[in-house]
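Visitor: generate coordinates for the sequence data below:
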Amino acid sequence: MKRIIFSLIAAIVLTYFGWQLTDKGLSSPSDESLKKYEQLCKGSVKTTGFLDSTYTETTIKVIKGSSGTKMNKFTFTFMVDGQTQTGSYTTSGMPKNPTVDVWYDPTNPDSYLTNDPCKQYEYSKGKKHPGWYAFIGVPMLLVGAGSLYSMLKRGLKELMSGGKK
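Guide: Predicted structure coming up:
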């Protein structure tokens with residue numbers, strides 16, 4: 001009985017930490033993104049973007065059969081030195097106002113964010129993890145989940161056979 005409990009705990013620990021490492025390794029922001037956030041934080045100009053009245057609606061379903069999440073993608077325009085620039089803005093709901101805040105690089109208006117770049121930079125710095133975490137996490141996750149599946153399968157088999165081996 002102790003062996004079964006120890007095996008179960010080990011499988012759960014492997015699964016949990018494998019999942020955590022995999023998630024951190026795969027969801028880490030790229031160096032390019034961090035550089036963009038930092039650059040926009042230091043030298044961006046804030047302006048107002050005006051949303052187009054038409055948008056594209058996409059439903060994202062993680063679980064088959066669920067209603068999913070509706071994502072709306074809008075095109076917006078903003079002015080830089082008398083020139084109209086175009087960008088895109090995605091949100092899960094309908095915006096209350098037909099405008100969005102835009103932070104852009106005055107030397108390169110194609111580089112913009114619709115979130116405060118300083119807040120985005122600070123948030124992303126805290127999420128930076130090495131990519132090799134995923135190379136360790138995936139095998140841990142597979143071994144842990146496989147062990148849990150095997151224990152469940154064996155337990156159900158014994159239960160159905162009335163405990164006879």
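
Visitor: which neighbouring elements make contact with the longest helix along the chain?
Guide: What stands out as the longest helix in the chain, according to DSSP state H, is helix 132-160. Here helix 132-160 touches helix 2-27, going by 3 or more CB pairs under 8 Å, 6 or more residues apart in numbering; DSSP states H and E. Any C-beta I mention is one placed from the backbone N, CA and C, and that applies to glycine too.

Visitor: check the offset of the helix it packs on from the chain's centre.
Guide: Once both centres are worked out by CA atoms, centre = their mean, to the nearest Å, helix 2-27 turns out to sit 21 Å from its chain's centre.

Visitor: which strands or helices does that helix pack on?
Guide: Using 3+ CB pairs under 8 Å, 6+ apart as the contact test, the elements touching helix 2-27 are helix 132-160.

Visitor: so where's the chain uncertain?
Guide: Along the chain, the parts satisfying pLDDT under 70 run over 163-165.

Visitor: how about the longest helix of the chain: buried residues?
Guide: Neighbour counts using 16 or more other CB atoms under 10 Å place 133, 134, 137, 138, 140, 141, 144, 145, 147, 148 of helix 132-160 among the buried residues.

Visitor: what of stretch 61-80?
Guide: By neighbour count, and taking 16+ other CB under 10 Å as the criterion, the buried residues in stretch 61-80 are 72, 74, 75, 76, 78, 80.

Visitor: OK, contacts around the spatially closest residue to residue 90 that is not a sequence neighbour?
Guide: What sits nearest to residue 90 in space, not counting adjacent residues and going by CB to CB, 6 or more residues apart in numbering, is residue 73, at 4.7 Å. By CB atoms under 8 Å, 6 or more residues apart in numbering, the residues touching residue 73 are 55, 56, 57, 58, 88, 89, 90.
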